[in-house]
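[1] Provide a 3D model corresponding to the input given below.
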Amino acid sequence: MLLREKSIVLIIFITAAFFIAPAECLYDASFAAETLICDICSGEITSQYYRLKEDGAKKFETLVCESCYEKTPRCEACTGFMREARKFGGKNICAKCYDYYKDSPLCAICKNNIMGSYVKYSDSSTGAASFVCQACNDSSKKCSLCGMPSASLSQTAGHALCEKCVLKSKTAPVCKICNNPILSSYMHYKDRKNDTTIYVCDPCAKNNRKCFVCGVPDDNLSEVQQKQVCAGCFKDLKKCYGCGKYIFRVSYKYELAEQQYCADCQQNTDKCDVCGLPTGANPVKLTDGRKICPDCESTAVKNVNEVRDLYAAVSGFLIDEYRMQIGNVNKISFKEISEMRELGEKTPTAEKGVVPLGIFSRHGKEFDIFVQNNLPKNLLIGVLAHEYAHAYVHDRMPDFDDTLIDEGFAEWIRHKTLTKIGDEKGAKLIEMRKDIYGDGFKKVAEIEKKSGLNGVFGLFNGPGTEKNTN
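    Modelled structure (predicted):
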């Protein structure tokens, strides 16, 4: 019978293509009609002997004397008689079996050539094949990661791993929650703040809730405004400047304003009639119908005497710094919104369609100053400086009609004044404006850069005017 290689799933059998069959019977040479020669010792058979049938390509008989039959070693592979034994695969085998098995694969566990059934394993990541003889496969424990049997398993992150998988675990991603190397399926999340990737193994992802802010599973969540938030996100949470609640996801921030606002305050509360920012949950309602935020209210100027003091400080700075004298101020007073609107329509330098914050009204050599009530202090200082600049220009050149330069010079003076008092944000807002005020400011600032103060004030040295030499 010829035995060929067989496969059961991944179990493969390797068997030599020949074997020596057991003796059919014991013969007595004394009855033989011819001289019989032992095929093992080549001696004459004079007594009992064995007639063996050897299977191969052709069937033939082997004669073996009783002595050789009992003393000659057998091949551990095919059980046939061996004239010369060879050590191979941990066994003593005959020359024919050696030729047959010499190219057989090595067992990954016992390191011997395989002479029998074996199991073939493939590495899913590299495609490399490994072979394990059936005996080692049956007696060895299996790696819990790759499933391959191993002579020695190591406990890693709760898994019994073979040497190769232990090495893989050292470079595997680490779970954020259990802090173990991830040896099976997992979830990964992008941390945009740090431009890193967060890994969570499947068991931890299934057994823990996700942070409401970042969406990453976590085993240490805190309840914040009825939301579950991880420690990392809680540390970075900002509070809405309007209502004081934590902002979870969407926030609104205005240029040059450090504070942030939640979506509710941004979308559902009034904007301050002074600074334009959300008034928040507690706006201040003025008698003229305006609503202002608490910040603007905290520095609002409500006393006319304070307005006079601020005007004196502004005019003193402009006279000392730039020799910008104008006529005397007759009176300073607050006006309601409706009155300021009406005065604005009658004032040539006022922006049309906009209620002015302040107006310098000229009567000969005297001026009346009208400002809105409850303007924040720094804003009021800027308004006074701006209107003072208009008064200066039209005091020197009553018919000056270049609106871009007129408004630009007034904003340039306001910028200088705000810089003097340390209001960097107010000054920066002037630089960022993209209307006639901003365009005019940039033009006047460019003239200052090229020609200095004389270049700026020279714009208003018309006939009959005194030259400013600052």
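
[2] Can you name the residues bridging to V284?
    As for beta bridges, V284 partners with I292 under DSSP bridges.

[3] mind listing what it touches?
    K291, I292, C293, P294, C296, E297 (Cβ atoms under 8 Å, 6 or more residues apart in numbering). C-beta: built from backbone N, CA, C; applies to glycine.

[4] Nearest to F334, out of those residues: which one, please.
    Looking at those and their distance to F334, the nearest is I292, at 14.8 Å (Cβ to Cβ).

[5] Next, count neighbours for the closest one.
    24 (other Cβ atoms under 10 Å).

[6] With K164 instead?
    17.

[7] just use 51 as the starting number from now, easier for me
    Yes, from this point I'll number from 51; that puts the last item at K214.

[8] Look up how far Y171 lies from it.
    Per Cβ to Cβ, to the nearest Å, K214 is found 11 Å from Y171.

[9] how many neighbours does F284 have?
    14.

[10] tell me which element it is part of?
    helix 281-286 (DSSP states H and E).

[11] buried residues in that helix?
    For helix 281-286, a neighbour-count test (16 or more other Cβ atoms under 10 Å) marks G282, C283 as buried.

[12] Could you tell me how far the closest residue in space to D241 that isn't next to it in sequence is located from C322?
    For D241, ignoring the flanking residues on the chain, the nearest one in space by Cβ to Cβ, 6 or more residues apart in numbering is I248 at 5.5 Å. As for I248, its distance to C322 is 40 Å (criterion: Cβ to Cβ).

[13] which of these two has more neighbours?
    Each of I248 and C322 has its neighbours counted (other Cβ under 10 Å); C322 has more, 22 against 19.

[14] That one against P333, yeah?
    Yes - under the criterion of Cβ atoms under 8 Å, C322 makes contact with P333 at 7.4 Å.

[15] what about the nearest residue to G339 once chain neighbours are set aside, neighbour count?
    Counting by Cβ to Cβ, 6+ apart, G339 lies nearest to I387, which is 6.9 Å off, once chain neighbours are set aside. Around I387 there are 16 other residues, counting by other Cβ under 10 Å.

[16] next one: C91
    Neighbour count for C91, taken as other Cβ under 10 Å: 15.

[17] what's the distance between it and C115?
    7 Å.

[18] Next: G508.
    137 Å.

[19] And S388, by the same measure?
    138 Å.

[20] And those two? Which one has more around it.
    C115 (24 against 11).

[21] For the more buried one, give me its contacts.
    C88, I90, C91, G93, I95, S97, Q98, Y99, Y100.

[22] got it, and I431?
    Residues in contact with I431 (Cβ under 8 Å, 6+ apart) are L360, A363, V364, T467, L468, I471, D473.

[23] taking the residues you listed one by one, which sit in helices?
    L360, A363, V364, T467, L468, I471 (DSSP state H).

[24] okay, the second one: pLDDT?
    At A363 the predicted local distance difference test score is 96.

[25] before we move on, what about the fourth one?
    Model confidence at T467, given as pLDDT, is 96.

[26] Of the contacts of V334, select the buried ones using a PyMOL command.
    Buried residues among the contacts of V334 (16+ other Cβ under 10 Å), as a PyMOL selection:
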select buried, resi 341+342+343+346+347
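
[27] still on that earlier bit, how far does the helix holding F284 sit from the chain's center?
    Remark: helix 281-286 is offset 15 Å from the chain centroid, using Cα atoms, centre = their mean, to the nearest Å.

[28] after that helix comes which helix or strand?
    Assigned by DSSP H and E, the successor of helix 281-286 is strand 288-289.
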